[in-house]
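S.K.: How does the following fold in three dimensions:
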Amino acid sequence: MKVKSGSCIKQKFFQTLVVACFVIGPLAVFPALSQEGIATPKAHLPAAEDSLLWPPTVQPYGYSIVDKLFATRAIKHGAHVYPLPRGKELSVSFQFNGKAFSIDDYIEYNNISGLLVIKNGTIVLERYALGFTETATGVRCR
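M.R.: So this is what the prediction gives:
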């Protein structure tokens, strides 16, 4: 008997998957039914000792959970906080292989989560990406 392009295998796989959902699903809803050795959700954290070698795709996540990887503490600011004034925005662009790129292109290509440029005590460029914002830096201290 010939199998046409794996259709029989696909059908068996999906039947098994559906059965697995019906069998395992109730265990998730009723924890009392679960037994030792049943799969439970666990978070995968990057290795802290490799933090200087993390690839760019891991860095934003790793730095956002730094409090889970290293001992941290909050440092309170002083009584007098000097606000940084905002100046005229810096226009940044560059050429590579005959094509023009913006600072936003650079940030996206390099997986940069934040960039702050201060010139003579004045903020001239501020950008955030990868889910970070001016107030949501991702770095938390206990």
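
S.K.: Could I get the buried residue list for stretch 125-132?
M.R.: Along stretch 125-132, the positions that meet the burial threshold by neighbour count (16 or more other Cβ atoms under 10 Å) are 127-130, 132. For every residue, glycine as well, the C-beta is placed using N, CA and C.

S.K.: Stretch 41-49 now?
M.R.: For stretch 41-49, the neighbour count (16+ other Cβ under 10 Å) marks P46 as buried.

S.K.: Tell me how far that stretch lies from the chain's centre.
M.R.: Here stretch 41-49 shows a centroid-to-chain-centroid distance of 13 Å under the convention Cα atoms, centre = their mean, to the nearest Å.

S.K.: got it, and stretch 62-82?
M.R.: Here stretch 62-82 shows a centroid-to-chain-centroid distance of 19 Å under the convention Cα atoms, centre = their mean.

S.K.: one step back: and the two most separated of the buried residues of stretch 125-132?
M.R.: R127 and L130 (10.8 Å; Cβ to Cβ).

S.K.: Report the set of residues contacting both of the two.
M.R.: Taking Cβ atoms under 8 Å, 6 or more residues apart in numbering as the contact criterion, the residues that touch both R127 and L130 are I112.

S.K.: Pull the contacting residues for T40.
M.R.: With contacts defined as Cβ under 8 Å, 6+ apart, T40 has no neighbours.

S.K.: The residue most central in space within the chain sits in which helix or strand?
M.R.: Taking Cα atoms, centre = their mean, the centroid of the chain lies closest to Y61, which sits 3.5 Å from it. Secondary structure here is read from DSSP states H and E; on that basis Y61 sits in helix 59-64.
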